[in-house]
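> this one's structure only:
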């Protein structure tokens, strides 16, 4: 059975832990974190520590910590099979004194929202076949989608995730803001948000594209830009409209 | 029982029709469209015509046609209670010779994707209480969410819908494009798209915001902009990042 030490107590650590403890292929022998309060979630299932110099012996140390903490923490641990969970961070940020790897689950995690790991792509990177097999065992224990990716590919995938997740979420924030300006309930947009996403299960977003930009409706585009009060919203409207028109130029 | 004539055979017309025929509060007495082939979908349930000068007598004529066709078609019909289904079109585009109204379902419709109308907000506008009641009867027959909106408010709501639907969908197209550039399957992003939308059921998008822009991670932002090949993608990345930072400025 693969022995895992999990470093970190944030959303990724919690969700990984909750998925790991359901598996009989691995054992989370310890969770390490800076705050006793944050370790509470884990303490009824495994041993915990606030001292990163007192980690248990394990086959793999998963550093599910914020990107900026990876380098320093991994240097502190120094040896063993050290694995981070970041999309944007190269495997090279881990110290050469250790065996190095990456275990990047491509998903957005919130504290109280349970996710089904079985469909989440887990992107793996290791420097030897033996280490890769260890990561593959962990990944297969929780997901059906395993992808081998080097740091360069993973960085672009993470960039794509920023567009798909962070940026769309901000467009929804703008939608809410526009409703509130008019005294309308932002919840009116909820079914539209869900159905827009649901469509991508059946249609590629390229083929699902609709709206004034796609049909080149210059009058509506002009009136909507005029109607926006914030300059930042106008800039976003224009840049996305132009990109939609360029992307679908052949059809116009 | 309210008698309805439906003009148009596109996605909105089809979905409204499919929802209407399940109700015993109204009867679609006729569907009118330019193409015999397109009328086929409706012909087994009601009478159809390609001649807009030969419409049946009805309590309401719903013009579920493309925005640019509303003015001309409504002038051709000329009288009766004429109602369009467009978010971006003012009630004033309908002729003064008719009683005028708007029946705008806030949702995205695709040809083959059945939608559940019960949760879709239907935005209504009419010029008299009597006419409003007619629209309300229709709306209540298919949905639980009825909203009274004048043309100005509806236009802003439609603008919000462009951000929420058309623009996020384009961000997903960009995500797919970035994957394809790296030889990665775009389907990898699918669980992330669905979960990002699912989150809005429990968290406002404002509170759900994560990512390099939200945490002001200047290094990752810089590296990702550098990694984008297309100038249009760089511009979108920058404008959305700036807007996220402005929106969440208090927390940084």
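Looks like it arrived, so ask away. Just so you know, these numbers come straight off a predicted model, no measurement behind them. Numbers count the residues shown, from 1 in each chain, chains lettered A, B, ... in the order given.

> what angle do the longest helix seen in chain A and helix B:231-247 make?
Ranked by residue count, the top helix of chain A under DSSP state H comes out as helix A:231-247. Interaxial angle, helix A:231-247 versus helix B:231-247 (axes from the mean of the first three to the mean of the last three Cα atoms, to 10 degrees): 160 degrees.

> From the contact counts, what lies against helix A:231-247?
helix A:168-181, helix A:218-227, helix B:168-181, helix B:231-247 (3 or more Cβ pairs under 8 Å, 6 or more residues apart in numbering or on different chains; DSSP states H and E). Just so you know, the C-beta spots here come from the backbone N, C-alpha and C atoms, and that holds for glycine as well.

> Of all these, which one is nearest residue A:142?
Among those, helix B:168-181 comes nearest to residue A:142, with 22.4 Å by Cβ to Cβ.

> Do the closest one and chain A come into contact?
Yes - using Cβ under 8 Å from any Cβ of the partner chain, we find that helix B:168-181 touches chain A at B:168, B:169, B:170, B:171, B:172, B:173, B:174, B:175, B:176, B:178, B:179, B:181.

> Now flag whichever of those is closest to residue B:207.
residue B:168 (17.6 Å).

> Using a markdown table, please lay out the helices and strands packed on helix A:231-247 together with distance to residue A:120 and mean pLDDT.
Putting the helices and strands packed on helix A:231-247 into a markdown table (distance: least, Cβ to Cβ, whole Å; pLDDT from 0 to 100) gives the following:
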| stretch | distance to residue A:120 | mean pLDDT |
| --- | --- | --- |
| helix A:168-181 | 18 | 98 |
| helix A:218-227 | 36 | 97 |
| helix B:168-181 | 16 | 98 |
| helix B:231-247 | 24 | 98 |
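
> Out of those, which is closest to residue A:235?
Using Cβ to Cβ, those put helix B:231-247 closest to residue A:235, at 4.9 Å.

> How about residues contacting the closest one?
Residues from elsewhere that reach helix B:231-247 (Cβ atoms under 8 Å, 6 or more residues apart in numbering or on different chains): A:162-163, A:166-167, A:170-171, A:173-174, A:232-233, A:235-236, A:239-240, A:242-243, A:246, B:171, B:174, B:178, B:206, B:209, B:211-214, B:216, B:221, B:224-225, B:228, B:252.

> run the last query once more with 6 Å
With Cβ atoms under 6 Å, 6 or more residues apart in numbering or on different chains as the test, helix B:231-247 has contacts from A:167, A:170, A:232, A:235-236, A:239, A:243, B:174, B:213-214, B:221, B:225, B:228.

> And for stretch A:191-198?
Contact with stretch A:191-198 is made by A:172, B:106-108, B:119-120, B:161, B:164-165, B:169, B:193-194, B:197, B:200, as judged by Cβ under 6 Å, 6+ apart.

> just the buried members of those?
Using 16 or more other Cβ atoms under 10 Å in any protein chain shown as the burial test, those include A:172, B:106-108, B:120, B:161, B:164-165, B:169, B:193-194, B:197, B:200 as buried.

> Show me which of those residues is closest to residue B:29.
Nearest to residue B:29 among the buried ones among the contacts of stretch A:191-198, with distances taken as Cβ to Cβ, is residue B:120, at 23.6 Å.

> How about that closest one: what's its closest non-neighbour residue?
Nearest non-adjacent residue to residue B:120, counting by Cβ to Cβ, 6 or more residues apart in numbering or on different chains: residue B:107, 4.6 Å away.

> Close to chain B: what parts of the stretch 51-200 of chain A are there?
Applying Cβ under 6 Å from any Cβ of the partner chain, we find that the stretch 51-200 of chain A lies next to chain B at A:88, A:106-108, A:119-121, A:153, A:156, A:159-175, A:178-179, A:182, A:188-189, A:191-197, A:200.

> what mean pLDDT would you report for stretch A:1-20?
Stretch A:1-20 carries an average pLDDT of 96.

> ok, and for that stretch, which residues are buried?
A:2, A:4-9, A:11-20.

> Just the ones of the residues you listed in strands?
A:2, A:4, A:5, A:6, A:7 (DSSP state E).

> Is residue A:28 part of a helix or strand, or is it coil?
Here residue A:28 is strand, with the state taken from DSSP: H, G, I helix; E, B strand; the rest coil.

> Now do the contacts for it.
Contacts of residue A:28 (Cβ under 6 Å, 6+ apart): A:4, A:6, A:20, A:46.

> Quick check: the gap between the residue lying closest to residue A:76 once chain neighbours are set aside and chain B.
Of all residues not flanking residue A:76 in the chain, residue A:52 sits nearest, at 5.5 Å (Cβ to Cβ, 6+ apart). Distance, residue A:52 to chain B, by Cβ to the nearest Cβ, to the nearest Å: 22 Å.

> could you give the angle of the lowest-mean-pLDDT helix or strand in chain A to strand A:2-7?
Least confident element among the helices and strands of chain A, by mean pLDDT, DSSP states H and E: helix A:36-43 (a mean of 93). For helix A:36-43 against strand A:2-7, the angle by the same axes, to 10 degrees is 160 degrees.

> And the helices in the stretch 51-200 of chain A?
A:67-77, A:129-142, A:151-161, A:168-181, A:190-199 (DSSP state H, counting those that start in this stretch).

> Save the ones you listed as JSON lines, and put in distance to residue B:128 too.
What follows is the helices of the stretch 51-200 of chain A, written out as JSON lines (distance: least, Cβ to Cβ, whole Å):
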{"stretch": "helix A:67-77", "distance to residue B:128": "60"}
{"stretch": "helix A:129-142", "distance to residue B:128": "61"}
{"stretch": "helix A:151-161", "distance to residue B:128": "51"}
{"stretch": "helix A:168-181", "distance to residue B:128": "27"}
{"stretch": "helix A:190-199", "distance to residue B:128": "29"}
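
> from those, which stretch is densest packed?
A comparison of the helices of the stretch 51-200 of chain A by mean neighbour count, using mean count of other Cβ atoms under 10 Å in any protein chain shown, puts helix A:168-181 on top with a mean of 23.

> which strands and helices sit next to that one?
Under the contact criterion of 3 or more Cβ pairs under 6 Å, 6 or more residues apart in numbering or on different chains; DSSP states H and E, helix A:168-181 touches helix B:151-161, helix B:168-181, helix B:205-208.

> Spatially nearest residue to residue A:212 (excluding sequence neighbours)?
Closest to residue A:212 by Cβ to Cβ, 6+ apart is residue A:220, at 4.2 Å.

> Neighbours of that neighbour, how many?
Residue A:220 has 23 neighbours, counted by other Cβ atoms under 10 Å in any protein chain shown.

> go on, residue A:222?
Residue A:222: 11 surrounding residues under other Cβ under 10 Å.
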